[in-house]
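sequence and predicted model, in that order:
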Amino acid sequence: MITIVFCLVGWTLGWMIFGRPKSVTQLRSAAASVEQPSSCHGFDVIIPARNEAASIGLLLSDLASLPQSGNRVLIINDHSTDSTVEIASGFAGVEVIDAPDLPEGWTGKSWACHIGFEYLRTTTEDHDRGLVFFDADVRVDPDVVQLLVDQQSATGALVSVQPWHQTKRPYEKLSALFNVIALVGTAMSSPTRSSGAFGPVLVTTPADYQLAGGHEQVRDQVVEDLALAANYRLSGQRVELFRGAEAVRFRMYPNGLRQLSEGWAKNFATGAGSTHPLRLLAAVVWLTSLGSATALGIEAISGSGSPWTALALYIAFTAQLAWMFRQVGNFGLATAAVFPLLLGFFFC
């Protein structure tokens with residue numbers, strides 16, 4: 001009975017800590033309901049890129065349909081050895097800047113972003129424009145870029161988006177639970193308690209970026225987005241988080257199971273320290289309740305437990321996870337149905 005109660009408590013906590021995180025499609029709906037057109041603030045885009053030949057052209061194709069009213073797109077080439085530069089140079093209006101050699105004490109991405117900003121700062125007269133950072137593997141609906149810039153202008157916050165996770169190969173489905181925990185850890189459904197940011201998409205202004213110290217202030221951080229968000233808050237600024245909801249999307253870790261495992265391990269090792277202790281405890285209880293439900297299922301199969309109780313808990317957790325998974329990527333009911341496998345991989 002204690003295990004059953006614990007599972008029910010964990011299931012309830014799961015709903016509470018996940019909440020209803022905002023999506024960029026809500027910005028689109030809000031804009032469509034307003035009779036007056038968007039103010040269309042100008043902006044510049046910085047994209048750090050190192051050996052991104054497989055993806056850079058897709059993002060630039062998305063951005064190519066943006067209005068060219070002074071908006072600049074900078075590719076900061078971080079010593080690519082593939083055809084990244086050639087592909088980027090083939091797009092009209094795209095500026096390709098070669099990053100100097102990496103100084104001691106810097107990570108590659110932060111250095112590239114810093115170089116991009118310094119280049120913009122010295123070559124742009126209008127410093128009131130929006131400043132957008134994209135990872136090279138992001139795909140974005142063109143209208144969403146302007147919506148994010150206008151949202152930043154309206155709120156004055158650092159606006160950040162966790163892209164919707166597109167998967168193609170079966171092993172990539174193992175990321176489902178990690179994606180959910182990433183959103184839970186940031187408390188993004190709570191505008192006053194959210195922590196961290198999502199590095200793939202950051203929208204700010206030059207003045208706010210400098211006030212927070214920019215990427216120079218987080219130059220040695222492996223997971224720079226969390227540190228950057230913390231610096232924004234320390235400087236008295238807000239951070240507003242959204243989920244991509246298919247309008248902003250990417251494919252993570254396409255190069256195999258090892259890349260996926262190492263990538264998530266790096267992010268979670270750093271991210272756990274920035275999560276509020278009570279929220280972290282609630283997440284641990286929820287994950288443990290998933291394990292307890294799995295254990296009850298194993299007992300039922302072996303004949304030492306109640307099959308109906310185990311089945312009811314399995315259905316409850318599967319339904320919960322199926323809904324959560326759809327918020328973060330193309331993970332459906334079938335992925336949720338094998339949550340014991342996902343849980344085992346998560347803790348391995």
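Right, received. Where do you want to start? Residues are numbered from 1 along each chain as shown.

contact partners for the residue nearest to the spatial centre of the chain?
Nearest to the mean C-alpha position of the chain, counting by C-alpha atoms, centre = their mean, stands Q162 at 2.5 Å. Going by C-beta atoms under 8 Å, 6 or more residues apart in numbering, Q162 touches 179, 182-183, 186, 188, 198, 200-201, 241-244, 328. Any C-beta I mention is one placed from the backbone N, CA and C, and that applies to glycine too.

next SSE downstream of the longest helix seen in the chain?
Across the chain, the longest stretch assigned as helix under DSSP state H is helix 277-302. Per DSSP states H and E, the first helix or strand lying C-terminal to helix 277-302 is helix 307-328.

where along this structure do the helices fall?
Using DSSP H, helices in the chain cover 2-18, 24-32, 56-64, 84-89, 108-123, 142-155, 176-186, 206-211, 224-234, 257-271, 277-302, 307-328, 333-337, 339-347.

winner for burial among these?
helix 176-186 (a mean of 23; mean count of other C-beta atoms under 10 Å).

measure how that helix sits relative to helix 2-18, angle-wise.
Put simply, helix 176-186 runs at 70 degrees to helix 2-18, going by axes from the mean of the first three to the mean of the last three C-alpha atoms, to 10 degrees.

okay, now the unreliable bits of the stretch 101-250 of the chain?
Scanning the stretch 101-250 of the chain with the threshold set as pLDDT under 70 gives 187-194.

domain-wise, how is this structure divided?
Under the assignment automatic domain parsing, the domains of the chain span 2-19+275-347, 24-270.

okay if I get the contacts of Q162 as a markdown table plus distance to I87?
Converted to a markdown table, the contacts of Q162 look like this (distance: C-beta to C-beta, whole Å):
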| residue | distance to I87 |
| --- | --- |
| N179 | 28 |
| A182 | 30 |
| L183 | 32 |
| T186 | 33 |
| M188 | 33 |
| F198 | 25 |
| P200 | 19 |
| V201 | 21 |
| L241 | 31 |
| F242 | 28 |
| R243 | 29 |
| G244 | 23 |
| V328 | 29 |
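
what residues are up against H114?
106, 214-216, 219.

out of those, which is most surrounded?
Using other C-beta atoms under 10 Å as the neighbour test, those are led by H215, with 28 neighbours.

report the separation between that residue and P206.
13 Å (C-beta to C-beta, to the nearest Å).

for burial, what's the neighbour tally of the residue nearest to S160 when sequence neighbours are not counted?
Leaving out its chain neighbours, the residue that sits closest to S160 by C-beta to C-beta, 6 or more residues apart in numbering is A197, at 3.9 Å. By the criterion of other C-beta under 10 Å, A197 has 28 neighbours.
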